[in-house]
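S.K.: sequence? don't have it. structure:
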C-alpha cells in the first residue's frame, strides 16, 4: 500500500475515533455503540470500498443523536461543529482512498484539489451552524428574519460551490 493511502486511512481512523469520543466529551456516550463504532472503524479503514463506511457513518449519527444533548452552551455548539467536520473528514478520506488504487501513490495535485473542496464544504457549514447557535437562545415566534439569513447563506454556499466546480472555459467548447 502506498504511503499516501496509509495516511488517508490513518486520517479516516483518527477522525472516526475522534467522533466516537466527542459525545463523551459533550456529555456522555453509549459504551455498547462506541464499541461497535471502534470495530466498524477498523473494518472501514481496512476496506474503505465496502458498505461498512456507510454503516459506520450511520452508526455515528445514531450514537450522536442518542447520547449528545441538545446544545445549550457554546461548548456544546462547538462540539456539534467539530462533529460535523469529523463526519466530513471520514467521508472524504474514505472516498479518496477508493478513488485511486491502493498500490498507486495519490497525486499531490489531486490531494490539493480534494483538500480545497473539503475546505469549501467545511467552511460552508459554519454560517448555517452560526445561525443555529445564534437563534437557539432566542424566541423567534413570528420572526422569520433568521430563516431568511439561513436561506441566503445556503444560496451563497451553493453559488460558491458551483463557482469553484464549474467547468473550465476550454472544456465548454468541446
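M.R.: Nice, thanks for sending it over. Nothing here was measured: the structure is a model prediction, and the numbers come from that model.
S.K.: quick one: contacts for residue 84?
M.R.: By Cβ atoms under 8 Å, 6 or more residues apart in numbering, the residues touching residue 84 are 125, 129. Quick note: C-beta positions are derived from backbone N, CA and C, even for glycine.
S.K.: measure it to residue 99 for me?
M.R.: Using Cβ to Cβ, to the nearest Å, we find residue 84 at a distance of 23 Å from residue 99.
S.K.: buried residues in stretch 85-102, which are they?
M.R.: By 16 or more other Cβ atoms under 10 Å, the buried positions in stretch 85-102 come out as 85-87, 89-94, 96-98, 100, 102.
S.K.: redo these as CSV? Include distance to residue 55.
M.R.: Converted to CSV, the buried residues of stretch 85-102 look like this (distance: Cβ to Cβ, whole Å):
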residue, distance to residue 55
85, 21
86, 17
87, 14
89, 17
90, 12
91, 13
92, 18
93, 16
94, 12
96, 19
97, 16
98, 15
100, 23
102, 21
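S.K.: which of those residues lies closest to residue 19?
M.R.: For the buried residues of stretch 85-102, the residue nearest residue 19 by Cβ to Cβ is residue 86; the value is 4.4 Å.
S.K.: was I right about that closest one contacting residue 23?
M.R.: No - checked against Cβ atoms under 8 Å, the pair residue 86 and residue 23 is beyond contact range at 11.4 Å.
S.K.: contacting residues around stretch 22-38?
M.R.: Applying Cβ under 8 Å, 6+ apart, the external contacts of stretch 22-38 come out as 16-17, 19-21, 56, 59-60, 62-64, 66-69, 75-76, 79, 82-83, 86.
S.K.: shaky segments in the chain?
M.R.: For the chain, the stretches flagged by pLDDT under 70 are 137-150, 167-174.
S.K.: break it into its domains for me.
M.R.: According to automatic domain parsing, the chain comprises the domains 1-105, 107-174.
S.K.: list the buried ones in the helix ranked longest in the chain?
M.R.: Among the segments of the chain that qualify as a helix by DSSP state H, the longest is helix 108-136. If you call a residue buried by 16+ other Cβ under 10 Å, then helix 108-136 has these buried ones: 114, 118, 121, 124, 127, 128, 129, 131, 133, 135.
S.K.: what's the answer for stretch 28-45, then?
M.R.: 29, 33, 34, 36, 37, 40, 41, 44, 45.
S.K.: quick check: closest non-adjacent residue to residue 59.
M.R.: residue 37 (5.5 Å; Cβ to Cβ, 6 or more residues apart in numbering).
S.K.: which SSE is that neighbour in?
M.R.: Element membership for residue 37 (DSSP states H and E) is helix 31-46.
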